[in-house]
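Participant: Here you go, sequence then predicted model.
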Amino acid sequence: DAKTTQPNSMESNEEEPVHLPCNHSTISGTDYIHWYRQLPSQGPEYVIHGLTSNVNNRMASLAIAEDRKSSTLILHRATLRDAAVYYCILRGGTSSGGSNYKLTFGKGTLLTVNP
Amino acid sequence: ETGVTQSPTHLIKTRGQQVTLRCSSQSGHNTVSWYQQALGQGPQFIFQYYREEENGRGNFPPRFSGLQFPNYSSELNVNALELDDSALYLCASSLDLYTQYFGPGTRLTVL
């Protein structure tokens, strides 16, 4: 599995934007970039995913570098509820099933949001 | 729409015992994946079931086994429990390649 590198922790203030970086220099052409987050005492929660173009949804935006070797998850206005561990994950994009379905989690980035 | 549910919430077992954890998939999902999350670590993939057949397995010994039922609910069985099996066990269901929906997990403690 292609590996991702994230900072161990980041800190933000409430109502400010947060940019969470992820490096994935060994990404393959068919790998999708996924972001999940895990709030305290809960299972991981899907945030967003993309392949090449930047993506937006109600939770966040995903900015993908032109060479796809890095990406940034953007929370436009952090709230206390956004305090969580954020995982950047590469996932194969073939339809053959099997291990392409699995998510390979690293340690993620612990985001602290200050009031 | 009912989300992914897991039971029990917490469980305490002793070394050498066997345990069965249960997962009810989100409505309409035909794929279930199980993960083990040790304290302070990210979840680690155990295996996945698609339409009642194992569809991929992580680096876990054979004493970790599973089942998926016709209604797509699932069980994770662990035999001969070891102290290192203490962890949060997460179940995730999905319909497509992209989005896995996780349950709240079962916290297993092995004494």
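Facilitator: It's in.

Participant: Could you check how far residue B:54 is from residue A:89?
Facilitator: 22 Å (CB to CB, to the nearest Å). Glycine gets a C-beta too; all of them are placed from N, C-alpha and C.

Participant: Looking at those two, which one has more neighbours?
Facilitator: Between residue B:54 and residue A:89, counted using other CB atoms under 10 Å in any protein chain shown, the more crowded position is residue A:89 (24 against 14).

Participant: just checking, residue A:102 touches residue B:50?
Facilitator: No - applying CB atoms under 8 Å as the test, residue A:102 and residue B:50 come out as separate, 11.6 Å apart.

Participant: Between the two, point out the one with more neighbours.
Facilitator: Between residue A:102 and residue B:50, counted using other CB under 10 Å, the more crowded position is residue A:102 (24 against 18).

Participant: Skip the chain neighbours and tell me the closest residue to that one.
Facilitator: Closest residue in space to residue A:102, ignoring its immediate chain neighbours: residue B:45 at 4.3 Å, by CB to CB, 6 or more residues apart in numbering or on different chains.

Participant: State the mean pLDDT of the host helix or strand of that neighbour.
Facilitator: For residue B:45, the host element (DSSP states H and E) is strand B:44-50. In this model, strand B:44-50 has a mean pLDDT of 92.

Participant: Quick one: list the elements packing against it.
Facilitator: strand B:31-37, strand B:53-57, strand B:64-68 (3 or more CB pairs under 8 Å, 6 or more residues apart in numbering or on different chains; DSSP states H and E).

Participant: do you know which of those strands lies nearest residue B:110?
Facilitator: Nearest to residue B:110 among these is strand B:31-37; the distance by CB to CB comes to 12.3 Å.

Participant: do you know how far residue A:24 is from residue A:73?
Facilitator: Residue A:24 is 13 Å from residue A:73, by CB to CB.

Participant: got any residues that touch both of those two?
Facilitator: residue A:88 (CB atoms under 8 Å, 6 or more residues apart in numbering or on different chains).

Participant: Looking only at neighbour counts, state which of the two leads.
Facilitator: Set residue A:24 next to residue A:73 and count neighbours by other CB under 10 Å: residue A:73 wins out with 25 against 22.

Participant: Scan the helices and strands of chain B for the one with the lowest mean pLDDT.
Facilitator: When each helix and strand of chain B is scored by mean pLDDT, DSSP states H and E, strand B:53-57 comes last, with a mean of 88.
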